[in-house]
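> Can you look at this prediction? I've put the sequence above it.
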Amino acid sequence: MKFLKSLNKKNLSGKTCLLRVDFNVEKGKEKNSLRLKAILPTIKFLIDKKTKIVILSHRGRPVKKNRKEFSLKPFARFLSENPAKKINFINNFDFRDIKQKIENSSPLSVFLLENLRFLVGEEKNDAKLAKQLASLGDFYVNDAFSVSHRENASVSAITKFLPSYAGLLLENEIKNLDLVVKNPKRPLIVILGGNKVLDKIGLINNFLNKADYFLLGGGIANTLFAAQGLPVGDSLYEEKMIFVARRILKSKKIILPLDVAIHDRKILDIGPKTAKKYGEIIKKAKIVIWNGPLGYFEDKRFAKGSLAVAEAVAKSGTRAIVGGGETAF
């Protein structure tokens, strides 16, 4: 996939861009999310090039009974306030009708389609759905780094039907990752927390030969505790991954919490001793990669560990690459 910047000298006036973004944001945070603000440069680029824009996204894992909760309609206000454009929200998937509305619209029109996960074919990477989406535009731009690994119709299959480009945000993410993957400065510290244990184990496996230390919290730490035979009560952990966790524990690079905060038989945060130890390791880092909060940050009582580590990263002055929807809390 080429970068959108390669079109800088191209005449795109009157063309229609299908722009895939990530609006997978909690209800009530539609206006303040860093994830939303990060896509604005790409939207501005396309507006400056005098293109029509059709914005595509998913949100959560909706089922029929809770579709209203996962609607993308609230984002129309955010978009109308930021690019200072009227947003045409499309609440149906009558593609023939949508195409006609786009064709009959004035130049620089911006459309927002409803949550693509309301369509069964989206998560199945259905080629028919991808072709229907592709029929709405002249070229495709992916600016949704956080979903680029998914085999979804609006991410993967659609690229077979349209000229495709990486947006400004995705380009920036790729270049930052190159600093880590190709020839990282050492020490390289990886901080891992959050709920998606399988993803975190994959990260450990991928960086085991590159990183100097892995500082763990959240579900991945709980899973390693369980693999050691330690009690975890009702804490979040992945029982099916214990056999893999035992292998990971053999590495001296794995650093587990020294103390934890417990509530209602659940481990919900790292403790102060752990935060201090992690901070001391971070001071020596040349690069930090952080994915996932180290506690149940939604409750302020259990956000202390993550905040202490964030402060340590900020004070260290090291290059930090922060990924994952929850980490930007």
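The structure has been received and is ready for your questions. Since this is a predicted model, take the numbers as computed values, not measurements.

> helix/strand/coil for V322?
strand (DSSP: H, G, I helix; E, B strand; the rest coil).

> The residue most central in space within the chain and R35, how far apart?
Centroid-nearest residue in the chain: S146, 3.0 Å away (criterion: Cα atoms, centre = their mean). Applying Cβ to Cβ, to the nearest Å, the value for S146 to R35 is 8 Å. C-beta here means a position set from N, CA and C on the backbone, and glycine is covered the same way.

> again, but for S6
Distance, S6 to R35, by Cβ to Cβ: 25 Å.

> ok, those two, which is more surrounded?
The residue with more neighbours, out of S6 and R35, is R35; 18 against 11, by other Cβ atoms under 10 Å.

> So that one sits against V25, correct?
Yes. Counting by Cβ atoms under 8 Å, V25 is a contact partner of R35 at 6.0 Å.

> where's I98, which helix or strand?
Assigned by DSSP states H and E, I98 belongs to helix 95-104.

> Tell me, please, where in this protein the pLDDT is lower than the cut-off.
28-33, 64-65, 84, 179-181, 323-329 (pLDDT under 70).

> domains of it?
According to automatic domain parsing, the chain is divided into the following domains: 2-168, 178-323.

> now the last one, how far from the centre of its chain.
If I follow you right, that is domain 178-323. With Cα atoms, centre = their mean, to the nearest Å as the basis, domain 178-323 stands 18 Å off its chain's centre.

> show me where the stretch 151-300 of the chain has strands.
For the stretch 151-300 of the chain, applying DSSP state E, counting those that start in this stretch gives strands covering 164-166, 188-192, 213-216, 254-255, 260-263, 266-270, 287-291.

> Could you dump the ones you listed into a markdown table with mean neighbour count and distance to E103 added?
What follows is those, written out as a markdown table (neighbours: other Cβ atoms under 10 Å; distance: least, Cβ to Cβ, whole Å):
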| stretch | mean neighbour count | distance to E103 |
| --- | --- | --- |
| strand 164-166 | 21 | 22 |
| strand 188-192 | 25 | 48 |
| strand 213-216 | 25 | 52 |
| strand 254-255 | 18 | 57 |
| strand 260-263 | 18 | 57 |
| strand 266-270 | 25 | 53 |
| strand 287-291 | 22 | 42 |
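
> Distance to L307 added to these, as TSV?
Listed next are the strands of the stretch 151-300 of the chain as TSV, based on distance: least, Cβ to Cβ, whole Å:
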stretch	distance to L307
strand 164-166	33
strand 188-192	13
strand 213-216	15
strand 254-255	19
strand 260-263	13
strand 266-270	10
strand 287-291	13
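
> For S235, find the nearest of these.
Ranking those by distance to S235, with Cβ to Cβ as the measure, places strand 266-270 first at 4.2 Å.

> Note down every partner strand of that closest one and its orientation.
Paired with strand 266-270 in the same sheet, following DSSP bridges, are strand 260-263 (antiparallel).

> Would you mind extracting the C-alpha trace of the partner strand into PDB?
Output of strand 260-263 as PDB, limited to C-alpha atoms (Å, rounded to 0.1, in the frame of the first residue of the first chain):
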ATOM      1  CA  VAL A 260      -0.600  -5.600  43.700                       C
ATOM      2  CA  ALA A 261      -3.900  -3.900  44.600                       C
ATOM      3  CA  ILE A 262      -6.700  -6.400  45.400                       C
ATOM      4  CA  HIS A 263     -10.400  -5.700  45.600                       C
END
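
> Please work out which residues outside it touch it.
Contacting residues not belonging to strand 260-263 are listed as G233, I267, L268, D269, I270, G271, T274, G295, R301, F302, K304, G305 [Cβ atoms under 8 Å, 6 or more residues apart in numbering].

> Surely the second one and I220 touch.
No. Assessed by Cβ under 8 Å, I267 is found out of contact with I220, at 11.7 Å.
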